[in-house]
Structure formats: structure tokens, C-alpha cells
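> When you get a sec, could you give me coordinates for this:
(one chain, ligands or ions: 1)
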Amino acid sequence: MLDERGKNLDCPALPRHGNFITSRISRGGADKMRIRIMTDFHYALHAGQAEDLFYKEYIKRFFGEGPEADYYVSLGDLTQNGTEREYRGAFGMIDSFGIRDRFLHVPGNHDLLQVDAGQTERWGSTPPVSEGNGCVDTDAATLLFLNTCQTGKPLDWGGRIGQAQTELLRSKLSAAKGKPVLVFAHHPLPDTTALSDTTMMRIEEASPLIGVMNEAAGPCLWFNGHNHIHSIVRKDSWTFVQTASVLCLPCWREIVIADDAVTVGTTNLNDAQLDELAGQSMDRFPSFHRVPPEKAAGTAADQSTDVPIGKRYK
Ligand SMILES: [Fe+2]
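Have a look, this model is predicted:
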């Protein structure tokens, strides 16, 4: 399948990793896959040492704490200005943990302020995502990565989605036949998670995509960042999970796919020193969408959810 520029959007084969996690989740049944998500890292190279301390400490904990994950996902805005130096700096930290082949990144609007997704991937190398799009098909679930960002648009941070991406989603939903479909993107759909009722805080001109999504039998989950606030909303076959920026609220989400459910949980680090370092970093970004931690955390309902997998697939 080709996009508007003739790029191939078909899903490349990806070798599976054998070390699936066997820890328990809430609903019973064997765990098949674990995915850890972070978003809106906004890495920038600052003059001072303190700001780098935040990024290094957070990344160390993201990769090092808790059960090992099959995949580690960044939902965009990995960098603040999208420069080559920032990309190489961020991926230098990530590389030090030796699990690049399990780290998948979709671009955010900040990541594409300078160049397109293809160029940033040549700097960062994040297969199987290519031009911001990609897919991992497994027995447990279909993981679909979509680039919702415009390139070089500092004054328009709203999302866009192309026809080829919409058709790719349609084909994956059709093939799923009850198997969970998990979509990873930077922007939310309109009128779903917190702030997505506001211009540029969502995918604009999303009607064709929404039409395809409405045809889905489920279970389907859409994971996004961008709005810097935890939020979970369920609509028909879809569960929308928005995650706060790690600068506003040092945290990550954890997805566990088991026989009978997809479970999403949250780890908020609650570390005063890390919060202080994050605050110092945000102080250097005059226009940063800074959300106070108590607001970024959302409500109790925004911390976790269980999405049952129907008998048809089991
Ligand atoms: Fe952001």
C-alpha cells in the first residue's frame, strides 16, 4: 500500500522477542505481551547540567524498573526542536540501554519542526516504523503506528492523517477478526480524550478516519500524547488512552495483553527530586504547554482500564 508520496505503508515483518512477561494482571489468563509507553519527552540540549539529569534519570527508570517489556514506545515529541543534535542526544541515551530494536517511536509535531519523519528516522533508526508509519502483527495483537504530524509547521500543531493511512487502518481492522488492534499516534481523535475538543489539540479533518474506526468490531485501543494530560475515554468499540507528558508528570503507561483482556495501567513516579528537575527543564521552554502535575494526572478513571477480548478471538 502506497501513501500520497508513493511510500510503501505495508507492515514489515518484525522478529518477535521471546521473553513475554508472565506476571499477573487483574483478569486472569496468561499474559502474551507487555508494552511500556512514554510521551512528550521534549528532549533539548541545555546549557546546564541539571536539565540533562532529568532526562537521564527518567530514561534509566523507564527502561530499568518493573517487569521487562516486549516493546517500549514513544508517542512523539521525543525532542523539543526536532534538530539533529537533539535526536542524536536522545537516541544516545536510549542506545546506552542496548534495546534499540524494542524501542518504537512515532513522531510528534515538535519532532518534525525541522525535517520530515524519514530524515529523523535516519538520525534515530527506529524500525519497523518508516516515515512515521508501521505495523507489528503478532498472535497477541496488531500494533499499528501512525504518523499524524505535519512537517515544518511551528504555528499549526494540529494533526493530519492521509488517505493511505486511513486505508491501512481499515485493512488491519478487517483482518483482525476480534484480535486486539492497538494504534499508537501522537494526536488524539476529536472529542475523545481531555482537550481534544480544542483546535490543534487533535487530528483535524478526521472524518474519513472516524468513519473507518466506526466500522471496527473491536477490541480496539488508540494511544496518544500531545495534550500532556492523562485521560481515558471509551466510545463503542474503541478505548482512547491519552498519556501525560513526562515533563509535566514523570510517568509511563503499561499495557498487558492477556488471553482475555488488554489491561492498561499507569506508573506515576512521585519523585520530588525528579519533579524539580522536570520543572527546571520546562522553565527553559517559554511556550511549553505546561500542565500542573495535579491536573496532568487526570482523575481516578484516567489511571487504568481493562478492555475484554471477546470469545470470538479466544
Ligand atoms: Fe508535547
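
> C-alpha coordinates for the helix or strand harbouring Thr267, PDB please?
Assigned by DSSP states H and E, Thr267 falls within strand 261-268. The C-alpha trace of strand 261-268 is given here as PDB (Å, rounded to 0.1, in the frame of the first residue of the first chain):
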ATOM      1  CA  ALA A 261      -8.200  -8.700  28.200                       C
ATOM      2  CA  VAL A 262      -6.000  -5.800  27.300                       C
ATOM      3  CA  THR A 263      -5.100  -4.000  30.600                       C
ATOM      4  CA  VAL A 264      -3.700  -0.500  30.700                       C
ATOM      5  CA  GLY A 265      -2.100   0.700  33.900                       C
ATOM      6  CA  THR A 266      -0.100   3.800  35.000                       C
ATOM      7  CA  THR A 267       3.100   4.400  36.900                       C
ATOM      8  CA  ASN A 268       3.400   7.900  38.200                       C
END
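
> residues from the chain in reach of the ion?
Residues of the chain found near the ion (Cβ under 5 Å from the ion) are 40, 77. Every C-beta, even on glycine, is put in place using the N, C-alpha and C of the backbone.

> redo that, cut-off 8 Å
Residues of the chain lying close to the ion by Cβ under 8 Å from the ion are 39-40, 42, 76-77, 108-110, 225-226, 228, 245, 288-289.

> rewinding a little: just checking, what packs against the strand holding Thr267?
Strand 261-268 is packed against strand 251-258, strand 305-308, with contacts defined by 3 or more Cβ pairs under 8 Å, 6 or more residues apart in numbering; DSSP states H and E.

> Next, the residue lying closest to Asp77 once chain neighbours are set aside: phi, psi?
Take Asp77 and drop its neighbours on the chain: the residue closest to it by Cβ to Cβ, 6 or more residues apart in numbering is Gly108, 3.3 Å away. Here is the backbone geometry of Gly108 (degrees, to the nearest 10): phi -110, psi 170.

> who touches Gly108 in this structure?
Residues near Gly108 by Cβ atoms under 8 Å, 6 or more residues apart in numbering: 39-40, 75-78, 149, 186, 225-226.

> Swap in 10 Å and give it another go.
Residues near Gly108 by Cβ atoms under 10 Å, 6 or more residues apart in numbering: 39-42, 74-79, 82, 132, 147-149, 157, 159, 185-187, 224-226.

> Counting neighbours, which of the residues of the chain next to the ion comes out on top?
Neighbour counts for these (other Cβ atoms under 10 Å) peak at His226, which has 33 neighbours.

> Quickly note the distance from it to Leu75.
8 Å (Cβ to Cβ, to the nearest Å).

> Overlap of the contact sets of those two?
Taking Cβ under 10 Å, 6+ apart as the criterion, His226 and Leu75 both touch 39-40, 108, 185-187, 242-243, 245.

> Determine which two of these are furthest apart.
Farthest pair in the shared contacts of His226 and Leu75 (Cβ to Cβ) is Ala185 and Ser245. Separation: 15.6 Å.

> Can you identify each of the helices in the stretch 151-300 of the chain by residue range?
In the stretch 151-300 of the chain, the helices defined using DSSP state H, counting those that start in this stretch lie at 163-176, 207-214, 272-283, 293-296.

> And the longest one, what's buried?
This points to helix 163-176. For helix 163-176, a neighbour-count test (16 or more other Cβ atoms under 10 Å) marks 164-173, 176 as buried.

> Which one of these is nearest to Asp139?
Lowest distance from Asp139 to those (Cβ to Cβ) belongs to Ala176, with 12.0 Å.

> Would you agree that closest one is in contact with Thr138?
No. In this structure Ala176 lies outside contact range of Thr138 using Cβ atoms under 10 Å: 11.7 Å.

> For the chain, which helix extends over the most residues?
In the chain, taking DSSP state H as the definition, the longest helix is helix 49-64.

> Quickly run through the sheet partners of the following helix or strand past that one, with directions.
As assigned by DSSP H and E, the chain's next helix or strand after helix 49-64 is strand 71-74. According to DSSP bridges, strand 71-74 forms sheet pairs with strand 31-38 (parallel), strand 103-105 (parallel).
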